[in-house]
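Task: produce atomic coordinates for the following.
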Amino acid sequence: MFQRDLETLDRTRLEALQGERLKKTVERVYHLVPFYRQQLDRAGVKPDSIQHVDDVRRLPFTTKADLREQYPFGLFAVEQEEVARIHASSGTRGKPTVVGYTKGDLERWAEVCARAIVTAGGRPGDVFHNAYGYGLFTGGLGMHEGAQRLGMTVIPVSGGNRSRQITLIRDFQPRGIAGTPSFILSLGEAMIESGHDPRKMKLSYGIFGAEPWSEAMRTALEEMWGIDALDIYGLSEVIGPGVSMECREGKDGLHIAEDHFLAEVVDPETGESLPEGEAGELVFTSLTKEAFPVLRYRTGDIAPLTRERCRCGRTHARMSRIKGRLDDMLIIRGVNIFPSEVESVVVQVEELSPHYQVVLTRTGAMDGLTLEVEVSPDWLDRQGGMFDPLQENSRRLHDRIQGRLKEALGISAEVALKSPRTLPRSEGKAVRLVDRRH
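The predicted model follows:
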């Protein structure tokens, strides 16, 4: 472990620490952030009324809309000269969300990322291939500084340029790799096509996140690369990567850095707290941030929490793999569907490549769903190398996939089989959802 004394705190001591830090955070935002002072006054909460970690439930929620309304610096709790760095979201669904970090924030961020890397099996001296994007996106720089804090040799390759990445992996022989799972999968595919075996590289573990991915995708990555494929979670509004990390020993939920982040799960519609083990919307309160503290930030991510002790010995609460995002949830003929549920079907069919897109269509007033997915090169070779969707084997494969989708999703969906390498490849986060309803 990176910080054994903190990562193995018993529950009583951990909650005492959280309660103390929660009180300080509320005091900070009440006196330094006008938005939060107004919200707390409206809720009838004063800083001195926060006495225990459970008092977090009395605090108002913060939403992404609040962050956009306070754009760009309205939620900062320090003067601008104290802000050492700014990150921001892409702003593809409106104004970007802007977050700031003091020097102390950056040190704590490096600390939780270093903790995450050790949780995945990393160690000082490893060569670490970082294929997360650098820039305003928090992934690249967050993992970079965590690896440096741990004492690793960092390869800051960023995303894209598969041929160059393959050369660097072959020549530099990293032990660890980080990136989005869809990009690392396509990187392995490109390596195989170039005549090299990903399993013969020195890689031992991979840290994958920034997009939802399934257990079936884990299996595909591990078989392709011969590594332990582990899930990391974070979001810029809370800090970036390092909020939680899956351990190599258990692979059964992501350990939340609870000394820095207070986690809850609430009903997405009512906002009421849900019991342990029940899936709902993840909510985080930062406990140690200076420049950009947040109270009860509604992430839009769906997962349950558990506080059962893990086999690795860590005592912090664990969240499951993200089941989906509220803003990505589809309602097709009255049924709630997440794109990750489609992925679970795709990856388990050996005749398919794990490259797909979920296409939304509309006929009249009725929404429909079509899965566009590539057949695997190996299957195509067995069919003589030419893809014909009307050929008998293609029709049987089509019908089998359609049946599995109906069983998994609870609705009928169309299936469009594609030749290998005809769908777009990820250069970072995969584009899984295409809306053609308009």
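
Just to be sure, A147 is in a helix?
Yes: counting by DSSP: H, G, I helix; E, B strand; the rest coil, A147 is part of a helix.

what about A77, distance to A110?
20 Å (Cβ to Cβ, to the nearest Å). Using the backbone N, CA and C atoms, a C-beta is placed for each residue, glycine as well.

W225 touches G188, doesn't it?
Yes: counting by Cβ atoms under 8 Å, W225 does reach G188; the two are 5.7 Å apart.

so what sits against both of those two?
Overlap of the contact sets of W225 and G188 (by Cβ atoms under 8 Å, 6 or more residues apart in numbering) consists of P198.

Let me know whether F292 touches F73 as I believe.
No: assessed by Cβ under 8 Å, F292 is found out of contact with F73, at 9.4 Å.

Overlap in contacts, those two.
Common neighbours of F292 and F73 (Cβ under 8 Å, 6+ apart) are G100.

hey, what's the residue lying closest to K323 once chain neighbours are set aside bridged with?
Spatial nearest neighbour of K323, chain neighbours left out: I302 (4.6 Å); criterion: Cβ to Cβ, 6 or more residues apart in numbering. Counting by DSSP bridges, I302 is bridged to E281, G324.

What residues does I302 make contact with?
So I302 contacts P268, A279, G280, E281, L282, I322, K323, G324, R325, L326, M329, F338 (Cβ under 8 Å, 6+ apart).

Kindly recompute the last result at 6 Å.
A279, K323, G324 (Cβ atoms under 6 Å, 6 or more residues apart in numbering).

what mean pLDDT would you report for stretch 198-205?
The average pLDDT within stretch 198-205 is 98.

List the contacts of it.
With Cβ under 6 Å, 6+ apart, stretch 198-205 has contacts from 120-121, 169, 173, 175-177, 188, 191, 224-228.

from these, which would you call buried?
The neighbour count (16 or more other Cβ atoms under 10 Å) marks A120, G121, I169, R175, G176, I177, G188, M191, M224, W225, I227, D228 as buried among the contacts of stretch 198-205.

Skipping adjacent residues, who's closest to the first one in space?
Once its chain neighbours are removed from consideration, A120 has its nearest residue in L230; the separation is 4.6 Å (Cβ to Cβ, 6+ apart).

With just CA atoms, put the helix or strand encompassing that neighbour into PDB.
Using DSSP states H and E, L230 maps to strand 228-235. What follows is strand 228-235, C-alpha atoms only, in PDB (Å, rounded to 0.1, in the frame of the first residue of the first chain):
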ATOM      1  CA  ASP A 228      -4.500  -7.300 -14.900                       C
ATOM      2  CA  ALA A 229      -7.000  -4.800 -16.200                       C
ATOM      3  CA  LEU A 230      -8.200  -2.500 -13.400                       C
ATOM      4  CA  ASP A 231     -10.800   0.200 -13.200                       C
ATOM      5  CA  ILE A 232     -10.100   3.800 -12.000                       C
ATOM      6  CA  TYR A 233     -12.700   6.400 -11.400                       C
ATOM      7  CA  GLY A 234     -12.600  10.200 -11.100                       C
ATOM      8  CA  LEU A 235     -14.100  13.300 -12.400                       C
END
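
Adjacent strands (with direction) for it?
In the sheet, strand 228-235 lines up with strand 205-208 (parallel), strand 240-246 (antiparallel) (DSSP bridges).

Determine the set of other helices and strands touching the lengthiest strand in the chain.
As assigned by DSSP state E, the longest strand anywhere in the chain is strand 352-363. Applying 3 or more Cβ pairs under 6 Å, 6 or more residues apart in numbering; DSSP states H and E, one finds that strand 352-363 contacts helix 339-347, strand 366-375, strand 433-435.

Swap in 10 Å and give it another go.
helix 181-193, helix 215-225, strand 330-332, helix 339-347, strand 366-375, helix 377-382, strand 414-418, strand 433-435 (3 or more Cβ pairs under 10 Å, 6 or more residues apart in numbering; DSSP states H and E).

partners of that strand in the sheet?
By DSSP bridges, strand 352-363 pairs with strand 366-375 (antiparallel), strand 433-435 (parallel).

Can you point out the buried residues in that strand?
Neighbour count says strand 352-363 has L352, S353, P354, H355, Y356, Q357, V358, V359, L360 buried, by 16+ other Cβ under 10 Å.

how about the nearest residue to R57, chain neighbours excluded?
R57's closest residue in space is S273 (Cβ to Cβ, 6+ apart), at 6.0 Å.

For V56, see how far away that neighbour is.
10 Å.

repeat for T270
17 Å.

Between the two, which is the more surrounded one?
V56 (22 against 9; other Cβ atoms under 10 Å).

wait, isn't that one in contact with S49?
No: using Cβ atoms under 10 Å, V56 is not in contact with S49, being 12.0 Å away.

what is in contact with these two at once?
Common contacts of V56 and S49 (Cβ atoms under 10 Å, 6 or more residues apart in numbering): V26.

pLDDT (mean, whole number) over the longest strand of the chain?
88.

how about the helices in the chain?
4-7, 11-32, 34-43, 64-69, 103-120, 138-150, 162-172, 181-193, 215-225, 339-347, 377-382, 392-409 (DSSP state H).

Out of those, flag the one nearest L262.
Nearest to L262 among the helices of the chain is helix 11-32; the distance by Cβ to Cβ comes to 5.6 Å.

got the buried residues for the closest one?
14-15, 17-19, 21-23, 25-26, 28-30.

about what we covered before: list the beta-bridge partners for the residue nearest to A120.
Beta-bridge partners of L230, as defined by DSSP bridges: I207.
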